[in-house]
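S.K.: sequence first, then the predicted structure, then my questions.
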Amino acid sequence: MATTFRQDVTAGLVTILDAFIAANPTILRRSERAQPPSVMGDLPLAFVDGRPERIRHDSGTRERVMSPSIVVVSSIGDNVETVVRHDVLVDLLVDHFTANPHVMPVTIWDEMTVDDEDYPVLSESGKVDHFYATRFTFVNLSIMEGRV
């Protein structure tokens, strides 16, 4: 039986983000399954980024431990108001993610890192703008599968 773990994790993370957006449409405006070609438009936005994983086998099982990230990008980080709004969003997302330890059925995560990032964006004029961003990494999202 073919596995769909990576696809299911991505879909699960987007579902969690979309539930947050439905409850807070003015705080987070959109979600994407992957980094969009442009972050211009409705901000803040969130997207699923890298999904590195480790796989361990024994005689009867396969354990997949993934560390997927969600990146939240706000507007240009050049003033205190932007940072305050972004901090409110980050705190609300931490609570929302904590309330969703199962990204998909039969998975669990119990460790997350939160890192602020500078998110450079090339504008139409060729100038690089620096947006305020935060990366949430679910360090140990795991699933145990039967080994064929």
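M.R.: Alright, I've got the coordinates.
S.K.: are we agreed that residue 6 is in a helix?
M.R.: Yes - with the criterion set as DSSP: H, G, I helix; E, B strand; the rest coil, the secondary structure at residue 6 is a helix.
S.K.: read off the pLDDT value for the residue positioned nearest the centre of the chain.
M.R.: Central residue of the chain (CA atoms, centre = their mean): residue 70, 1.5 Å from the mean position. According to the predicted model, the pLDDT of residue 70 comes to 97.
S.K.: what sits against the residue of the chain most remote from its centre?
M.R.: When each C-alpha in the chain is compared with the mean C-alpha position (CA atoms, centre = their mean), residue 59 comes out farthest, at 33.0 Å. With CB atoms under 8 Å, 6 or more residues apart in numbering as the criterion, the residues that contact residue 59 are residue 147. No exception for glycine: its C-beta is placed from N, CA and C like everyone else's.
S.K.: so which residues of this structure form strands?
M.R.: Listed from the start of the chain, the chain has strands (DSSP state E) covering 30-32, 45-48, 53-57, 61-66, 69-76, 112-122, 128-138, 141-146.
S.K.: can you lay out these as CSV showing distance to residue 104?
M.R.: Listed next are those as CSV, based on distance: least, CB to CB, whole Å:
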stretch, distance to residue 104
strand 30-32, 16
strand 45-48, 13
strand 53-57, 14
strand 61-66, 11
strand 69-76, 15
strand 112-122, 16
strand 128-138, 12
strand 141-146, 8
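S.K.: please compute how far stretch 36-52 lies from its chain's middle.
M.R.: Chain-centre distance of stretch 36-52: 9 Å, with CA atoms, centre = their mean, to the nearest Å.
S.K.: now do the end-to-end distance for that stretch.
M.R.: 19 Å (CA to CA, to the nearest Å).
S.K.: having no further points to raise, I will conclude here.
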